[in-house]
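K.L.:
Sequence first, predicted model second:
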Amino acid sequence: MRVIMFHGLGDPPSTATAFEAQFWVDPNRFRQLMDCMADYDDYEITFDDGNRSDIDIVMPILQDRDLTAHFFVLADRLNNPGSLGPADLRAMADAGMMIGSHGLRHRAWSELSESELHDELAVSREVLSNAVGQEVTTASVPFGRYNRAVLRALQRHGYQRVYTSDGGRASPNAWMVPRTAIVRDDGPEVLDRLVRPGALTAARQQARYCYKRMLALTR
C-alpha cells in the first residue's frame, strides 16, 4: 500500500516559508490527481495540519469522486484563521473522513522534553477527541522527526497507528505507516511512480525506511 500526503490546497498563507509553500497544491492539479485515483486500489490519502482548505476545497472534491481521506489536525490551531474548527471536524467525520492528531503546536517531537511531548500527544488527543465527538486513535509525526522516546510515548498513550513521512510502501496492518508527500509541481504521472515503483526503487525506499527506524529505536 502507498500512503500519499498532502498539506493544503490553493494559495499558501502569507506566513508560509518557501519550504512550506511547496506543499500547497493547486486545486485543479489536485482534481487531476484524484481523477487518476480510480486507476489504483492500493493507496490512502492523507492531509496534515488541519488547514481550512481541507473542508472548503478538499472534501467536496473527494465526495464528488466517492473518495475519503485521513486528516491529521493540529489541536492548538482549532478555530484559528485559516484553520479548521470543531464543527468542521464533526462534519468531516460524519461524511466518512478520518480525523487524527498532528500534535498540539507543530513542534518536532524528537526535540521536546517529556512534559512537552505529553502535551503534544495526550492534550492534543483529548482536545481533538472532544471536538470530533469520538476517540482519536491515530497520529502523524510533524516534520517526520521521531526517536525511540517518541515511539514509546505514542505507544504509551495508546495510539493505534502512527504515520510518518519516510516514503516507501506501507503494510495495511503496520503500526508505523510511511507516507510520501505530494508537492506543488507533481502531476498525475507521479501516482504511477509512487504506487507502482520499479523493484529497485521500491527496495531502496524500503531499505531507507528500515534504516531510519532502526536508528530511531537505538536513540
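P.N.:
Nice, I can see it.
K.L.:
Just the C-alphas of stretch 78-87, formatted as CSV.
P.N.:
C-alpha atoms of stretch 78-87 as CSV (Å, rounded to 0.1, in the frame of the first residue of the first chain):
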residue,chain,number,x,y,z
LEU,A,78,-8.6,24.9,16.1
ASN,A,79,-10.7,28.0,15.2
ASN,A,80,-7.6,30.0,14.2
PRO,A,81,-7.9,32.0,10.9
GLY,A,82,-7.2,29.6,8.0
SER,A,83,-7.7,26.5,10.2
LEU,A,84,-10.5,24.1,10.9
GLY,A,85,-12.8,24.3,13.9
PRO,A,86,-14.6,21.7,16.0
ALA,A,87,-17.8,21.9,13.9
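K.L.:
buried sites along it?
P.N.:
78, 83-85 (16 or more other C-beta atoms under 10 Å). C-beta coordinates here come from the backbone N, C-alpha and C atoms, glycine included.
K.L.:
what about the longest strand in the protein?
P.N.:
strand 43-49 (DSSP state E).
K.L.:
For that strand, which strands pair with it and how are they oriented?
P.N.:
Note on strand 43-49: by DSSP bridges, its sheet partners are strand 2-6 (parallel), strand 70-73 (parallel).
K.L.:
looking at those strands, which is buried most?
P.N.:
strand 70-73 (a mean of 26; mean count of other C-beta atoms under 10 Å).
K.L.:
any low-confidence regions in this structure?
P.N.:
195-219 (pLDDT under 70).
K.L.:
ok, which stretches of it are strands?
P.N.:
Ranges of strands within the chain are 2-6, 8-9, 24-25, 43-49, 70-73, 98-101, 138-140, 161-163, 176-177, 180-181, based on DSSP E.
K.L.:
Distance from the chain centre to the fifth one, please.
P.N.:
The reference is to strand 70-73. 6 Å (C-alpha atoms, centre = their mean, to the nearest Å).
K.L.:
again, but for the third one
P.N.:
Shown here is strand 24-25, whose average C-alpha point lies 14 Å from the average C-alpha point of the whole chain (C-alpha atoms, centre = their mean).
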